[in-house]
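Asks: My questions concern the predicted model and sequence given below.
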Amino acid sequence: MKLALGPLARTDSVKVTVALPFTLKEELDKYAEVHSAAWGQKVEAADLIPHMLAQFLSKDRQYKRTIREKRPSRSA
């Protein structure tokens, strides 16, 4: 099985509280079950969210392009 989200790396974290629609939470719980089975390690939906968001941001080409364009230029 090839999931978009691979094994989870340990990271330092900051707590953020969000409200999710019930249906989205259900889908996250289902994904956590599939991810747990695929990688042989029990994981909760809440533990997946930071990794999913990081992956989403890393794959968003327009976001990356915009950030790159706004970066101040280096002057010698």
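Replies: Cool, the structure landed.
Asks: Need the nearest residue in space to residue 7, chain neighbours excluded.
Replies: Leaving aside its sequence neighbours, residue 7 sits nearest to residue 39 (C-beta to C-beta, 6 or more residues apart in numbering; 5.2 Å). From N, CA and C alone the C-beta is placed, and that goes for glycine too.
Asks: Do a quick rundown of the helices in this structure.
Replies: In the chain, the helices defined using DSSP state H lie at 22-39, 45-59, 61-70.
Asks: Looking at those helices, which is nearest to residue 12?
Replies: Comparing these against residue 12 with C-beta to C-beta, the closest turns out to be helix 45-59 (10.6 Å).
Asks: Give me the angle between the closest one and helix 22-39.
Replies: Relative orientation of helix 45-59 and helix 22-39, computed by axes from the mean of the first three to the mean of the last three C-alpha atoms, to 10 degrees: 90 degrees.
Asks: Tell me the buried residues in helix 45-59?
Replies: Residues of helix 45-59 classed as buried by neighbour count (16 or more other C-beta atoms under 10 Å): 45, 48, 51.
Asks: so how far is the first residue of stretch 49-67 from its last?
Replies: 22 Å (C-alpha to C-alpha, to the nearest Å).
Asks: what's the offset of it from the middle of its chain?
Replies: 9 Å (C-alpha atoms, centre = their mean, to the nearest Å).
Asks: and what of stretch 54-70?
Replies: 14 Å.
Asks: tell me the mean pLDDT over it?
Replies: Mean per-residue pLDDT for stretch 54-70: 87.
Asks: Mind listing residues that contact it?
Replies: Applying C-beta atoms under 8 Å, 6 or more residues apart in numbering, the external contacts of stretch 54-70 come out as 4-5.
Asks: which residues of this structure score low on pLDDT?
Replies: 1, 72-76 (pLDDT under 70).
Asks: Now with 80, please.
Replies: Along the chain, the model assigns pLDDT under 80 to residues 1-11, 71-76.
Asks: Can you tell me the closest non-neighbouring residue to the residue positioned nearest the centre of it?
Replies: In the chain, the centroid-proximal residue (C-alpha atoms, centre = their mean) is residue 52; its distance is 1.6 Å. The shortest distance from residue 52 to any non-neighbouring residue, by C-beta to C-beta, 6+ apart, is to residue 5 (6.2 Å).
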